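In: Got a predicted structure plus its sequence, pasted below:
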Amino acid sequence: MKQGTLRRMVSVALLLLFVVFFSVTADSFLTWRNINSILREASVVGLLSIGVSFVIIGGGIDLSTGAVLGLSAMVTSRFVTNTWIPIWSIVLAALAMGLILGLFNGLLVVKLGLSELIASFAAMYVYRGFVYLLAYRDAGGHLITKTVQDRQFLSIGGNIGGIYYMSVIWLLLLILGTFILKKTTFGTYIYAVGTSQKAARLSGISVEKIKVGTFMISGVCSALAGVFLLAWQGSAGLNSGSGMEFQAIAAVAVGGIVLSGGRGDTVGVGIGSLFMIVVVNGLYKFGLPIEVQTIVYGAVIIIMSVFDAMYIRIMEQQRIADRKTPAAGEGGTV
Amino acid sequence: MRNRYLAKTLAVFMTAAVMLAGCGSREAAGDGAQTPAAEGQEADAPSFGTGIDIASESLKVGFSAGNMDANAVLWEQGIRQGLAPYKNVEFNTFDAGGSGEKQVQQFEEMINQGYNAIIVNGLDTSALASVSTEAETAGIKVIHINVGPESPHTAGISNSSWNLGVTVANDVMAKMDSAKCVSIGPPVSMQAIVQGAAAFEETLKAGGSSYEFLENQAGDWSTENGNEIARNLLTKYNNEIDAIFCHNDQMAMGAAQAVEAAGLTGQVKVYGADGLQEALTYIKEGKMEASVYCDAVQQGITAAQYALYALAAGVDGSTFAAAPDIVAPSIVIDSTNVDDYLK
């Protein structure tokens, strides 16, 4: 069995274990309404996770995803509320903005030589600053909140047959993401860059272009998450998306993507996003004190990361052992 | 005992609800109760639904705190006290940890779990509008504390941040014939909801040209930050500041330290909020002018009791022309009455 498949089976098994446990212990867990809630919540974080997984597989990190989400939601809210531009073009503009912000992040890394951590960390503050600049104010200049009333736009947050559009889009993007990573040259190059930039460069891969590309994907995914969040909640807050960048990274870690790069795929990230939301959702059912919820949330991330590290080590040892053991028929007498 | 308590609760709230229905609306600033549920209804013809037996049925009440800060802890304490006589009520607290998205998520969770009433201190009432409406439609009583909702709700228990700013400005104007004032408000990310600084500015402006509002700076609620901002403001305006309004007592204590370091204690009046015991000591020592205080525990008790009344009487967001807004009073604690509050 392939190493990746085995790792995924472990993730799925853990997810199922929690689902079964919560289903047995909490009446309101396995209801259609609750399942849809889980899927919707997982979709927003999941969209961020898809984007950030490209960056991480490519050996980088993107801390600006939550801020891009917030800016996308605020810009979209402004356009929907203050203009008569068709909704579809506003959504496209938001995605284009995400693409440009991703490009900006990428250029900070490849042109200015900043580390991904510093570049995206700084960009996070810049984008959050723009959110404040664009926020709604009353006549006296004081900040206020405003609800989006446009029904056509809000219908984006709606559902078909009880399943939310954002969940459908999320699932489609999970598949598309894995296709890009596994079946295209671009995807192969991302793995190559994430495994070893030096080797990738020696192989003739433009590391810079790949890095910028992954940041642009991350930007688009974050912007899309912002549009869906706005359509769902009807309001773009000054803090929208704040802290979500870490949830996304947690989902990526739980989903089997190694934070040093070069491993994993978006289907695993999808499982990771679901896993995180299921755990939180299940914990709510027990009415546990807030501190217990937080501890469990952090513990899950630690356990999964430790598990991953051990798993990779065992697999590496296994591979080395396999190489040392002569295959049948190869052994000969001296 | 329980029946007597129930009867008292019902009597108080039947009267309060009818008397208070429709009061306290302040649409523009987003701090007061609004009336979307009232459309198409006669203001004087409340329509009661079917109540439930709150003394015997199993009930679930949830408290959704935007952030489990000092006030939220007191609200929770009050809610527990309000529900204490009813052993059939299960009570749970959900802390959104400052995240609007998480609060919506937790609100949905309470709807999914079939809670009977949700008491909420909203971080972003616009974002909560959709789930709040969903909850009311599902028959869940939604009661907002402090921050005014923009959607149907059963009641509001308010001592808004707007009232806080107005109270402080009025105190400044009552004590000084003219004044140059600054404020240290909440973090920028919260200023759309916590609007005391805006209210302070607007009230001073309305007070005439003798009162000048110089500027508002966003703080982070901490003493260190209050100190740093106050120092910078004093330097910037060459110590020509007469009053500093800080949105909580921690920042006010920091500002008072900066004023003391500049040798201006007594000349620059420092105002805080929340009535912290440590801040009251500052007032007693003359380092701070006043702290505006609201009994958060009592607010929690009122919220819990109104939730029970609403369940028993079949009251929801559509019962009255406007959801009742029960205003909790602001108490100004200064040198004249500080001994009454110092423990």
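Out: Okay, I see it.

In: Name the SS class of A:Lys198, please.
Out: In three-state terms, and counting by DSSP: H, G, I helix; E, B strand; the rest coil, A:Lys198 is helix.

In: Test for you: state the pLDDT assigned to it.
Out: You'll see A:Lys198 listed with a pLDDT of 93.

In: Pull up the gap between it and chain B, please.
Out: Separation of A:Lys198 from chain B (Cβ to the nearest Cβ, to the nearest Å): 40 Å. (C-beta placed from N, C-alpha, C; glycine too.)

In: Can you tell me the number of residues neighbouring that residue?
Out: Using other Cβ atoms under 10 Å in any protein chain shown, A:Lys198 has 8 neighbouring residues.

In: and what of A:Ala93?
Out: That count, for A:Ala93 with other Cβ under 10 Å as the rule, works out to 16.

In: What of B:Ser56?
Out: Neighbour tally, B:Ser56, other Cβ under 10 Å: 10.

In: What residues does the stretch 201-343 of chain B have near chain A?
Out: Contact residues (Cβ under 8 Å from any Cβ of the partner chain) of the stretch 201-343 of chain B with chain A: B:201-202.

In: pLDDT wise, what is the residue in the stretch 51-200 of chain B positioned nearest to chain A at?
Out: Per Cβ to the nearest Cβ, B:Ser126 is where the stretch 51-200 of chain B lies closest to chain A, at 3.3 Å. With respect to pLDDT, B:Ser126 scores 80.

In: which stretches of chain B have low pLDDT?
Out: By pLDDT under 70, the low-scoring segments of chain B are B:1-46, B:148-150.

In: Now do the strands in it.
Out: In chain B, the segments counted as strands under DSSP state E are B:59-65, B:89-95, B:117-121, B:141-145, B:155-158, B:179-185, B:211-218, B:243-246, B:269-273, B:290-293, B:325-327, B:331-334.

In: Serialize those to a markdown table and add fields for mean neighbour count.
Out: As requested, those are exported to a markdown table (neighbours: other Cβ atoms under 10 Å in any protein chain shown):
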| stretch | mean neighbour count |
| --- | --- |
| strand B:59-65 | 25 |
| strand B:89-95 | 21 |
| strand B:117-121 | 28 |
| strand B:141-145 | 27 |
| strand B:155-158 | 28 |
| strand B:179-185 | 25 |
| strand B:211-218 | 18 |
| strand B:243-246 | 30 |
| strand B:269-273 | 29 |
| strand B:290-293 | 26 |
| strand B:325-327 | 21 |
| strand B:331-334 | 18 |
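
In: and of the ones you listed, who's closest to A:Leu95?
Out: Of all these, strand B:211-218 sits nearest to A:Leu95, with 31.5 Å by Cβ to Cβ.

In: between the closest one and strand B:179-185, how many degrees?
Out: Here strand B:211-218 runs at an angle of 20 degrees relative to strand B:179-185 (axes from the mean of the first three to the mean of the last three Cα atoms, to 10 degrees).

In: Residues touching strand B:211-218, excluding its own?
Out: With Cβ atoms under 8 Å, 6 or more residues apart in numbering or on different chains as the test, strand B:211-218 has contacts from B:169, B:172-173, B:178-188, B:191, B:197-198, B:200-201, B:204-205, B:229, B:232-233, B:237, B:241.

In: Could you rerun that using 7 Å?
Out: B:173, B:178-188, B:191, B:197, B:201, B:204-205, B:229, B:233, B:237, B:241 (Cβ atoms under 7 Å, 6 or more residues apart in numbering or on different chains).

In: go on, stretch A:202-216?
Out: Contact with stretch A:202-216 is made by A:54-55, A:58, A:60, A:62, A:99, A:102-103, A:105-107, A:109-110, A:186, A:189-190, A:192-193, A:197, A:200-201, as judged by Cβ under 7 Å, 6+ apart.

In: Filter these down to just the buried residues.
Out: For the contacts of stretch A:202-216, a burial check counting by 16 or more other Cβ atoms under 10 Å in any protein chain shown picks out A:54-55, A:58, A:60, A:62, A:99, A:102, A:105-107, A:109-110, A:189-190, A:192-193, A:197, A:200.

In: Show the low-confidence segments of chain A, by residue range.
Out: Residue ranges of chain A with pLDDT under 70: A:1-4, A:289-291, A:293, A:326-334.

In: can you tell me the residue of it closest to chain B?
Out: A:Ser235 (3.3 Å).

In: quick one: contacts for that residue?
Out: Contacts of A:Ser235 by Cβ under 7 Å, 6+ apart are A:145-148, B:124, B:126-127.

In: about what we covered before: quick check, the residue of the stretch 51-200 of chain B closest to chain A in contact with A:Thr145.
Out: Yes - counting by Cβ atoms under 7 Å, B:Ser126 touches A:Thr145, with 4.1 Å between them.

In: Now do the contacts for the most centrally placed residue in chain B.
Out: With distances taken as Cα atoms, centre = their mean, B:Asn146 lies nearest the centre of chain B, 3.1 Å away. Each residue near B:Asn146 by Cβ under 7 Å, 6+ apart is listed here: B:121, B:158-160.

In: measure the closest residue in space to B:Asn227 that isn't next to it in sequence to B:Arg231 for me?
Out: Nearest residue to B:Asn227, sequence neighbours excluded (Cβ to Cβ, 6 or more residues apart in numbering or on different chains): B:Gly254, at 3.4 Å. Counting by Cβ to Cβ, to the nearest Å, the gap from B:Gly254 to B:Arg231 is 9 Å.

In: Could you do B:Asp69 as well?
Out: Counting by Cβ to Cβ - B:Asp69 and B:Arg231 are separated by 25 Å.

In: Please enumerate the helices of the stretch 151-300 of chain A.
Out: Shown for the stretch 151-300 of chain A, the helices assigned by DSSP state H, counting those that start in this stretch span residues A:151-154, A:165-183, A:185-195, A:197-202, A:207-233, A:244-254, A:266-285, A:290-324.

In: Same question for the stretch 201-343 of chain B.
Out: So, for the stretch 201-343 of chain B - with DSSP H, counting those that start in this stretch - the helices run B:223-236, B:249-261, B:277-284, B:296-313, B:338-341.

In: JSON lines please, covering the ones you listed and showing mean neighbour count.
Out: JSON lines is the format used below for the helices of the stretch 201-343 of chain B (neighbours: other Cβ under 10 Å):
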{"stretch": "helix B:223-236", "mean neighbour count": "19"}
{"stretch": "helix B:249-261", "mean neighbour count": "25"}
{"stretch": "helix B:277-284", "mean neighbour count": "18"}
{"stretch": "helix B:296-313", "mean neighbour count": "24"}
{"stretch": "helix B:338-341", "mean neighbour count": "14"}
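
In: dump the residue contacts of residue 136.
Out: Answering for chain A, as no chain was given. A:144-146.

In: nope, chain B
Out: Taking Cβ under 7 Å, 6+ apart, we find B:Glu136 in contact with B:142, B:152-153, B:316-317.

In: mind putting those residues in CSV, distance to A:Thr25 included?
Out: Compiled in CSV, the contacts of B:Glu136 are given as follows (distance: Cβ to Cβ, whole Å):
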residue, distance to A:Thr25
B:Val142, 28
B:Pro152, 34
B:His153, 32
B:Asp316, 32
B:Gly317, 33
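
In: The nearest residue to B:Asp53 once chain neighbours are set aside and B:Gly62, how far apart?
Out: Leaving aside its chain neighbours, B:Asp53 sits nearest to B:Ala312 (7.7 Å; criterion: Cβ to Cβ, 6+ apart). Distance, B:Ala312 to B:Gly62, using Cβ to Cβ: 18 Å.

In: neighbours of the one residue in the stretch 201-343 of chain B that gets nearest to chain A, just the number please.
Out: At 6.1 Å from chain A, B:Glu202 is the closest residue in the stretch 201-343 of chain B, using Cβ to the nearest Cβ. By the measure other Cβ under 10 Å, the count of residues near B:Glu202 is 20.

In: isn't it right up against A:Gly140?
Out: Yes - judged on Cβ under 7 Å, B:Glu202 makes contact with A:Gly140 at a distance of 6.1 Å.

In: from what I can see A:Gly98 touches A:Ala223, true?
Out: Yes - if you go by Cβ under 7 Å, A:Gly98 and A:Ala223 touch, sitting 2.6 Å apart.
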